[in-house]
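please work out how this folds:
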Amino acid sequence: MQPFTEEVIEVIREIPRGSVCSYGGVAALAGNPRAARQVVRVLHTYSEQEKLPWWRIVNSRGMIALKPGFGYEEQRERLEAEGIVFSNDRIDLRRFGWEPDDL
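Take a look at the predicted model:
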């Protein structure tokens, strides 16, 4: 496993219940702010194997990137179960966005 992939996995594991982070935010915290698409690849490849809380990753506008019928409903249900509130299909990243305390 590549070092960046390992970092992405660690960042995703740290996102607490009731919080979200964007793909770009995860990439930046993992050391490469321009690698949001790589975060998508890591999620696709390792979510199940590493038991990652994949549902806590949203796009930079605070929206679920998955399409209805392809995971959108499950992701929204999981987020709402953690107390995340949606307004017009968006999550307020100022309220629910996560950044580690040690930045």
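
center of this structure - which residue?
Centroid-nearest residue in the chain: I57, 1.5 Å away (criterion: Cα atoms, centre = their mean).

distance-wise, check that one relative to K51.
Distance, I57 to K51, by Cβ to Cβ, to the nearest Å: 14 Å. Placement of C-beta: from N, CA and C, glycine included.

for the nearest residue to R76 once chain neighbours are set aside, what are its contacts?
In this structure, R76 finds its nearest non-sequential neighbour in I64, 6.1 Å apart by Cβ to Cβ, 6 or more residues apart in numbering. Neighbour list for I64: V58, Y72, Q75, R76, L79, D89 [criterion: Cβ atoms under 8 Å, 6 or more residues apart in numbering].

among the residues you listed, who's most crowded?
In terms of neighbour count, V58 stands highest of those at 24 neighbours, by other Cβ atoms under 10 Å.
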